[in-house]
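Visitor: Return a 3D structure for these sequence lines:
(one chain, ligands or ions: 1)
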Amino acid sequence: MSVFIEKTDTLRGEVNIPGDKSVSHRALILGALAEGDTRLHHFLKAQDCIDTIKCLQVLGISIEEDEQDIIVHGKGLYGLSEPGRVLDVGNSGTTLRLFPGILAAQNFVSEISGDNSLLRRPVDQFLAPVMEMGAIISFKQDNNCPPLVILPSDIHGIFYDSPIASAQVKSSILFTALYADSPTTIIEPYQSRNHTELLLEAFGAHLDCTPLSIVIKPAGQLTGCELTVPGDISSAAYFITAALITKDSKITLRGVGMNPTRNGFIDVILSMGADVEILNVKSGLEPTADLIVTSSSLHGVTLSGEIIPRTLDEIPILMVLSCFAEGITVIRDNGELRLKESSRIDVTAENLRKMGANITATGDSIVIEGGHPLHGAIIGTKYDHRVAMSFAIAALGATGKTELIGSECVNISYPGFYDTLKSLFPA
Ligand code: S3P
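Guide: Reported below is the predicted structural model:
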């Protein structure tokens, strides 16, 4: 399916930012492993999280939905039942990474598979520590990619000095560590998003955290709880960019997640000269705020090191934004992005070049010379939701018409994205 988007100068209105995808996945899984019920407000009902729900249901967990909330009826750490079929995680790399250690600790054999894109994503890097902990996992094919077969295993605590700052690697170890016979320590080179740590504490697990280290004790049990999922900063980033790059825009985004380990995008755009007011800061499981974003003149910046894991999923939209900033933007240390839903950097760079941008992407470094006017083009999204949303926004600042091929992939993280974008156009 294609959508067509044309240039616009003005955006006005408000958006309630949908729930955070990373938090929604984790809260569902921990709810299933807890004793008693867990009620989730502002859960993200997008395809990736629905796939996690379906996998948990195949594992015998009952999950209900009422008008506002999702209710997970937890069955305890060892309460999952043998699935009668393969667990299909669809496109969700997060679900794939969070499940193996938990499944290895159960007393049955299981198999995890997913869609064609997922079957091409190597997983040896995150499986290595989980297997060091004792999980017995094998690849069905000889390619380090799913499908995975997981056997009942005895789990041990480890000391893991991670070579990369990856929340998925860290979280797969933390979930496995719940079942270990001794504590586990994880060290990161930079701090990755800490949603898992915050949620584990909310469910009653015992962790000792500093910015770059975590010690987790095996959990006797987790206890169900009531939680509000913050708005997803990664989803907000598209609308923020839309307002910044169009000429005469002012929009309000409500309930944006402001976890400091995750909101590097806000720090980056402020350093580029963006006009963003941060209001109504609220605390909770994670802090949230309302943002008022106004069209701005931006300048290029150089990004590397600790900021990269804090703005990882926003790099494609930052590449778009940088095309509208004066001067050069350099983004380093992002080799990890080649392992996402698509080779995101290459796909984004290639499509931006089609629109007239001056951009090079080599090794793990991206260089963008801003200020070259963009024009409409036919964009291949490679069925990557973050690429599709980034180019829906690029199209707003490009002359003529842009066609997004495979536009429906936005449903993976943001159903209703195009309607929400349209609602900001002047009547
Ligand atoms: C995620 C972590 C990030 C991110 C992904 C979701 C998570 O990956 O890119 O979309 O939910 O933990 P890393 O494991 O590379 O940090």
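Visitor: Can you show me the CA trace of stretch 40-58 as CSV?
Guide: In CSV, the C-alpha atoms belonging to stretch 40-58 read as follows (Å, rounded to 0.1, in the frame of the first residue of the first chain):
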residue,chain,number,x,y,z
LEU,A,40,-1.7,-1.3,32.4
HIS,A,41,-3.0,2.2,31.6
HIS,A,42,-2.1,3.8,28.3
PHE,A,43,-0.7,0.5,26.9
LEU,A,44,0.4,0.7,23.2
LYS,A,45,-2.1,-1.3,21.1
ALA,A,46,0.3,-1.6,18.1
GLN,A,47,1.2,-4.7,16.1
ASP,A,48,4.5,-5.4,17.9
CYS,A,49,2.8,-5.4,21.4
ILE,A,50,-0.2,-7.4,20.1
ASP,A,51,2.3,-10.0,19.0
THR,A,52,3.7,-10.2,22.5
ILE,A,53,0.1,-10.6,23.9
LYS,A,54,-0.5,-13.4,21.4
CYS,A,55,2.7,-15.2,22.4
LEU,A,56,1.8,-14.9,26.1
GLN,A,57,-1.7,-16.3,25.4
VAL,A,58,-0.2,-19.3,23.6
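Visitor: what about the closest residue to D248 other than its chain neighbours, distance to E277?
Guide: Leaving aside its sequence neighbours, D248 sits nearest to T10 (Cβ to Cβ, 6 or more residues apart in numbering; 4.7 Å). Bear in mind the C-beta positions are built from the backbone N, C-alpha and C, glycine included. From T10 across to E277, the span is 19 Å (Cβ to Cβ, to the nearest Å).
Visitor: Over to I328?
Guide: For I328, the distance to E277 - Cβ to Cβ - is 28 Å.
Visitor: For the stretch 51-200 of the chain, which residues are neighbours of the ligand?
Guide: Residues of the stretch 51-200 of the chain lying close to the ligand by Cβ under 6 Å from any ligand atom are 94, 166-169, 171, 192-193.
Visitor: hmm, back to that, between I328 and E277, which is the more surrounded one?
Guide: I328 (16 against 11; other Cβ atoms under 10 Å).
Visitor: Do you know the pLDDT at that one?
Guide: Listed pLDDT for I328 reads 98.
Visitor: now it: how far from the ligand?
Guide: Distance from I328 to the ligand, counting by Cβ to the nearest ligand atom, to the nearest Å: 25 Å.
Visitor: so where do the helices sit in the stretch 101-250 of the chain?
Guide: 124-132, 167-177, 195-202, 233-245 (DSSP state H, counting those that start in this stretch).
Visitor: okay if I get the ones you listed as TSV plus distance to D333?
Guide: Listed next are the helices of the stretch 101-250 of the chain as TSV, based on distance: least, Cβ to Cβ, whole Å:
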stretch	distance to D333
helix 124-132	16
helix 167-177	16
helix 195-202	22
helix 233-245	19
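Visitor: who wins for proximity to E6 among the ones you listed?
Guide: helix 233-245 (13.2 Å; Cβ to Cβ).
Visitor: what's the average pLDDT for that closest one?
Guide: Rounded mean pLDDT across helix 233-245 is 98.
Visitor: do the same with stretch 110-126
Guide: The model assigns stretch 110-126 a mean pLDDT of 92.
Visitor: Show residues contacting that stretch.
Guide: With contact meaning Cβ atoms under 8 Å, 6 or more residues apart in numbering, stretch 110-126 is reached by 82-83, 86-93, 96-97, 99-100, 103, 140, 143-150, 164, 166, 168-169, 172, 339, 341-342, 383-384.
Visitor: Also stretch 272-282?
Guide: Taking Cβ under 8 Å, 6+ apart as the rule, stretch 272-282 contacts 240, 244, 258, 266, 269-270, 287-301, 321, 325, 329.
Visitor: Among the residues you listed, which ones are in helices?
Guide: Among the contacts of stretch 272-282, the members found in helices (DSSP state H) are 240, 244, 266, 269-270, 321.
Visitor: Look at the closest residue to I292 other than its chain neighbours and report its pLDDT.
Guide: Of all residues not flanking I292 in the chain, E277 sits nearest, at 4.2 Å (Cβ to Cβ, 6+ apart). Note on E277: pLDDT of 98.
Visitor: how is the protein carved up into domains?
Guide: 2-19+230-422, 21-228 (automatic domain parsing).
Visitor: quick revisit: just the element for the residue nearest to I292, please.
Guide: Remark: E277 resides in strand 275-282, with elements defined by DSSP states H and E.
Visitor: by how many degrees do that strand and helix 233-245 diverge?
Guide: Here strand 275-282 runs at an angle of 150 degrees relative to helix 233-245 (axes from the mean of the first three to the mean of the last three Cα atoms, to 10 degrees).
Visitor: coming back round to it: just the buried residues of the contacts of stretch 272-282.
Guide: 240, 244, 258, 266, 269, 288-291, 293, 295-296, 298, 300-301, 321, 325, 329 (16 or more other Cβ atoms under 10 Å).
Visitor: Great, nothing more from me.
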